[in-house]
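Undergrad: Structure for the following, please:
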Amino acid sequence: MIRTPSAPVLGLVAALILSACGGAGDDESSPLRVALLTSGPVSDAGWYAGAYEGLLRIEAELGAQVSHQQTATPAEFDEAFLAYASSGYDLIFAHGNEYQDAAIRAGEQFPDATIVVSGGGRIGDNVAPLIFRLEEGSYLAGMVAAAMTESGTVGMVGGVAIPPARGTFRAFEAGARTVDPEVEVLEVFTGDWNDVAAAKEAAVAQLSRGADVLIHNLDAASFAVFQAVREARTAGNPAWALGMNSDQNDVAPDVILGSAVIHIADAFVETARMWQAGEVGGEAIYASTRQEVIDFVFNPELADRIPPELVERVGAAKDRIRAGELDVPRVPFIEGETGVETP
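TA: A predicted model of the protein is given here:
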């Protein structure tokens, strides 16, 4: 197994091409070869960590040979796709909307490789977006925020304002307004998923404007939001946080009421199984509450602070979403898809 989360991409290109010279991947008995690209660290306890867990589960459950590479720039995206596809990797997970253009280019150049882009918006014969309906979880988080706020103001701190991230915030706002139509919702995007200082500054600014429940859509910078909330509580100001992308309840169990969760690893394993069955490519793959990939999980450490009637209300809304009876607002972003960004 190859794991090179910090190796230079060009070094990976050379290593993988050399390993391919012996004909790896040509033998029908060769194992499934699966790669993962992330543009941030897999130590973020969120978006990237979930993807890396999925990669390791594919290795353990499907007997695959796996590799991970962290890439930071569009040029590195292209180099990594070249490295993996030219050396016979069967399935490449590119974990983020930022990979979609490079994935289309690589898919055209390497028709024998299949590329799955998490949150992607473009489709090719061998390129498939993996669409997580995280807005379903953030809608439930919005309900919790509006029910738990004492000030009547809640906040949202995001990284890059890509359509999937905007969609989670539109749904959060909609969920909050079902509980309190008059709730004030603050929103800011820092422009970076991992900039801890910018996230901390944004969170402190929202807290100073009266927000007392904050949700994020960040990667490693989410830790800064939790710290800002913790410091506000230490100073005597009631404030809470909400996790996003994975179950972050144990990251800051003293301040996180609950988390809007993507079970990314489950979705990756199922997608790999679909690929083995010849069912990946040419169309988007959707993962939602119906597949139990999306959820909202209350923090058990704070169970005594959360009204039982709120737990019941959120559970009922979750059941309605799963049954298709509650249509959660979202921001369309797949090419050719239409819709309105609400509220």
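Undergrad: For the rest of this, base every contact and every neighbour count on C-alpha atoms.
TA: Will do.
Undergrad: what residues are up against residue 293?
TA: Shown in contact with residue 293 (Cα atoms under 8 Å, 6 or more residues apart in numbering): 132, 261-264, 266-267, 287.
Undergrad: Of these, which belong to strands?
TA: 132, 261-262, 287 (DSSP state E).
Undergrad: if we can go back for a sec, let's have the contacts of residue 293 in a markdown table, adding distance to residue 250, neighbour count and pLDDT.
TA: As requested, the contacts of residue 293 are exported to a markdown table (distance: Cα to Cα, whole Å; neighbours: other Cα atoms under 10 Å; pLDDT from 0 to 100):
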| residue | distance to residue 250 | neighbour count | pLDDT |
| --- | --- | --- | --- |
| 132 | 22 | 22 | 96 |
| 261 | 13 | 24 | 97 |
| 262 | 15 | 27 | 97 |
| 263 | 16 | 23 | 97 |
| 264 | 17 | 26 | 98 |
| 266 | 20 | 19 | 97 |
| 267 | 22 | 25 | 98 |
| 287 | 24 | 21 | 96 |
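Undergrad: nearest to residue 146, of those residues?
TA: Nearest to residue 146 among these: residue 261, at 18.7 Å, using Cα to Cα.
Undergrad: Run a quick neighbour tally on the nearest residue to that closest one once chain neighbours are set aside.
TA: Of all residues beyond its chain neighbours, the one nearest residue 261 is residue 246 (4.4 Å), with distances taken as Cα to Cα, 6 or more residues apart in numbering. By other Cα atoms under 10 Å, 22 other residues sit near residue 246.
Undergrad: Which stretches in the stretch 101-250 of the chain count as strands?
TA: 114-118, 127-132, 153-158, 184-189, 213-217, 240-245 (DSSP state E, counting those that start in this stretch).
Undergrad: and the second one, what does it pack onto?
TA: Right, the one you point to is strand 127-132. helix 100-109, strand 114-118, strand 285-287 (3 or more Cα pairs under 8 Å, 6 or more residues apart in numbering; DSSP states H and E).
Undergrad: One more pass at 6 Å, please.
TA: strand 114-118, strand 285-287 (3 or more Cα pairs under 6 Å, 6 or more residues apart in numbering; DSSP states H and E).
Undergrad: Tell me what angle the first one forms with helix 100-109.
TA: I take that to be strand 114-118. Compare the direction of strand 114-118 with that of helix 100-109 by axes from the mean of the first three to the mean of the last three Cα atoms, to 10 degrees and you get 170 degrees.
Undergrad: mean confidence score for strand 114-118?
TA: Across strand 114-118, pLDDT averages out at 98.
Undergrad: Repeat that for stretch 314-334.
TA: 94.
Undergrad: How far off centre is that stretch?
TA: 17 Å (Cα atoms, centre = their mean, to the nearest Å).
Undergrad: Just the helices from the stretch 1-150 of the chain, written as ranges.
TA: Ranges of helices in the stretch 1-150 of the chain, per DSSP state H, counting those that start in this stretch, are 9-20, 47-62, 74-86, 100-109, 134-148.
Undergrad: next helix or strand past the helix or strand harbouring residue 296?
TA: Assigned by DSSP states H and E, residue 296 belongs to strand 294-298. Per DSSP H and E, strand 294-298 leads on to helix 308-322 as the next helix or strand towards the C-terminus.
Undergrad: Pull out the buried residues from that following helix.
TA: 314, 317-318, 321-322 (16 or more other Cα atoms under 10 Å).
Undergrad: what's that helix packed up against?
TA: Checking 3+ Cα pairs under 6 Å, 6+ apart, helix 308-322 ends up next to no helix or strand.
Undergrad: what sits up against it?
TA: 289-290, 326 (Cα atoms under 6 Å, 6 or more residues apart in numbering).
Undergrad: Could you break the chain into its assigned domains?
TA: For the chain, the structural domains run 9-132+264-290, 134-262+307-322, going by automatic domain parsing.
Undergrad: For the shortest one, measure first residue to last.
TA: With Cα to Cα, to the nearest Å as the measure, the first residue of domain 134-262+307-322 is 13 Å from its last.
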